[in-house]
Each structure stands twice: as C-alpha cells, then as structure tokens.
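K.L.:
this one's structure only:
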C-alpha cells in the first residue's frame, strides 16, 4: 500500500532563517506531488506541484521554492523565511485526475 | 473571487440531528469534486469523489450528492466522532485541486 511521509511535524524558525521540508512517498511510481499551505481562516492554497523528476510548477509567487530530486521525494525550501510564511504545510500525492492523499503536515511558526 | 465556496463556515449539531453542508463552485468544466475530512493538526482524509451531476456516494452516516453547480454532504444522525472540518475541492483542469475554506462541524452529545 502507498504511504506518504512528511517531516518535521512542527517547526519554529526565526525570520530570515532558511527552511527545508521533506516529503517522501512509498508504494507507487511516478506520482504527481504537491505542496499546499493552510493558513488560519483560509483554505488550502496550492504552492507547487510536480509531475516528474525535475519538473516543478509554481502556483503562487513567493520566496518559497520546491525541488524533486528523486521520483518519490519532494522538498520545499526557502532561503529567508518571512512572518507570512507561517502556516500548516501539507504534502500530497496522486495520479492525474484522481484524488489526492495527504501527509500529516508540518506546522511552521516563523517568529 | 473564490472558485469554491463552502457554507456554513461552522455548524453545531446535537447528536442525532441530521443536516447538510454545501459546496458551490463557479467555474465550468468540472472534472471532479472531492470531499475530505480534516481533524485538528492532521492532514485531510479522503471521503468521496463525484464526477457528474446526479451522482451520489455514501459512507456510514455521510452521503455526498452533486448537481451542476454544487454539492451537498448530508450527515444523518451524527455522532460526536463526526466532529471535524469538512473540505470540498474541485478539479477543473490540470493536476491540482482547488479547495474551499471548509465547514467546521461540532457534534455535541
């Protein structure tokens, strides 16, 4: 069966510090991979998605970036965090035109 | 303008008091409509996918229906363990799901 791992569960970072969140998927090949952010009072906002190794599509211009160095690995990064980057970050995977399966999320607090 | 709107934002029910949650969307060319349940501090958990008007899906006390511009999630005789945020998402084109802000449901004993 397929599983998705996302870590860390919580993270507290100072403004201006770098960020690296990692997500890995097991039990499937060539999945579509996604990063969403959920802020208080807002819906899930799509940040990036990837349909293959090295292929990244950005939905929202910001100081975040994503990379997919391996088929089942998706990384969200920032060189310098802003206060507005605080939120609940969710990694997800799915097949094209199918439902998404979400990880357990990372609660990021930028202070 | 939001493409997906959920109502109400919050709903409080007594145990056993049935009700419905609404999800409406404004863009044509729907490829699929998805319902998720999200518990606090956790990732959304998939419930249903609906693809065409008139389609219905059921799971325990939940029943999802779809019309041309909206979907309903009916909750029959809810229990306290049904308390959660229910998210609706639609897929119009491409690969991503567009989510509504959710309905926070609280079921009291």
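P.N.:
On my side now, so go ahead. Everything numeric here is computed off the predicted structure, so don't read it as measured data.

K.L.:
in chain A, what residue is nearest chain B?
P.N.:
residue A:102 (3.5 Å; CB to the nearest CB). Using the backbone N, CA and C atoms, a C-beta is placed for each residue, glycine as well.

K.L.:
so that residue makes contact with residue A:88?
P.N.:
No - contact criterion CB atoms under 8 Å: residue A:102 and residue A:88 do not qualify, at 10.8 Å.

K.L.:
where does chain B have low pLDDT?
P.N.:
B:1-2 (pLDDT under 70).

K.L.:
hmm, residue B:95 and residue A:96 touching each other?
P.N.:
Yes - judged on CB under 8 Å, residue A:96 makes contact with residue B:95 at a distance of 6.0 Å.

K.L.:
these two: who's more crowded?
P.N.:
Ranked by neighbour count (other CB atoms under 10 Å in any protein chain shown), residue A:96 and residue B:95 place residue B:95 first, with 19 against 11.

K.L.:
need the contact list for the more buried one.
P.N.:
Contacts for residue B:95 (CB atoms under 8 Å, 6 or more residues apart in numbering or on different chains) come out as A:32, A:49, A:51, A:96.

K.L.:
mind redoing it with 6 Å?
P.N.:
Going by CB atoms under 6 Å, 6 or more residues apart in numbering or on different chains, residue B:95 touches A:32, A:49.

K.L.:
and what of residue B:31?
P.N.:
Listed by CB under 6 Å, 6+ apart, the contact partners of residue B:31 are A:97, B:91.

K.L.:
try residue A:16
P.N.:
Each residue near residue A:16 by CB under 6 Å, 6+ apart is listed here: residue A:80.

K.L.:
check the secondary structure at it for me.
P.N.:
coil (DSSP: H, G, I helix; E, B strand; the rest coil).

K.L.:
skipping adjacent residues, who's closest to residue B:53 in space?
P.N.:
Among residues not flanking residue B:53 along the chain, residue B:68 sits closest, at 4.9 Å (CB to CB, 6 or more residues apart in numbering or on different chains).

K.L.:
same question for residue A:68.
P.N.:
For residue A:68, ignoring the flanking residues on the chain, the nearest one in space by CB to CB, 6+ apart is residue A:50 at 4.5 Å.

K.L.:
contact residues of chain A facing chain B?
P.N.:
A:32, A:43-44, A:46, A:49, A:90, A:97, A:99-100, A:102-105 (CB under 6 Å from any CB of the partner chain).

K.L.:
filter those residues down to the buried ones, ChimeraX style.
P.N.:
Burial among the residues of chain A next to chain B is assessed by 16 or more other CB atoms under 10 Å in any protein chain shown; the matching ChimeraX selection reads:
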select /A:32,43,44,46,49,90,99,100,102,103,105
